[in-house]
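# A structural model of the following input is requested.
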Amino acid sequence: MSVVEILVTCIIAIFGSTGFWSWVQNKSKKKDDVSKLIMGIGYSKIIDLCEKYLSDGSITAREFHELEHYLYEPYHNMGGNGTVQALFDQVKELPIHAS
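Predicted coordinates:
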């Protein structure tokens, strides 16, 4: 048996094993859970900040930049919902004040 035949046999055995597919599914589930956790944390933080800025009636340029680029855009790109977008749209209308 050649080295190539042995390698092909090993690869087929690995991909055909239920343990391998269980491992792949477990990695996928953990990734999904991490994504959900990150989305949840992002949602909570964005809502809290938007409500604070709306309550204050204004926002600084730095606060707006950080909210938009570090929280809202990544959240939106990951498939975030309309609740956050509606609040963010209201924050965009706030007057910008000096720090």
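
# Would you map the helices across the chain?
3-16, 18-56, 61-66, 73-77, 82-92 (DSSP state H).

# So for Ala98, which of those sits nearest?
Ala98 lies closest to helix 61-66 among the helices of the chain, at 8.4 Å (CB to CB). (C-beta placed from N, C-alpha, C; glycine too.)

# who's in contact with the closest one?
With CB atoms under 8 Å, 6 or more residues apart in numbering as the test, helix 61-66 has contacts from 49, 53, 91-92, 96, 99.

# Out of those, give me the two with the largest separation.
By the measure CB to CB, Lys92 and Ser99 form the most distant pair in those, at 18.7 Å.

# So for the contacts of helix 61-66, which is the shakiest by pLDDT?
Taking the contacts of helix 61-66 together, the minimum pLDDT is found at Ser99 (73).

# For the closest residue to that residue other than its chain neighbours, which residues are in contact?
Using CB to CB, 6 or more residues apart in numbering and skipping residues adjacent in sequence, the residue nearest Ser99 is Thr60, 5.0 Å away. By CB under 8 Å, 6+ apart, the residues touching Thr60 are 96-99.

# Run a quick neighbour tally on the residue lying closest to Lys92 once chain neighbours are set aside.
Of all residues not flanking Lys92 in the chain, Phe64 sits nearest, at 7.9 Å (CB to CB, 6+ apart). The number of residues packed near Phe64 is 17, by other CB atoms under 10 Å.

# and the gap between Phe64 and Leu37?
For Phe64, the distance to Leu37 equals 26 Å [CB to CB, to the nearest Å].

# re earlier: tell me the buried residues within the contacts of helix 61-66.
Neighbour-count burial (16 or more other CB atoms under 10 Å) is assigned, among the contacts of helix 61-66, to 49, 53, 91.
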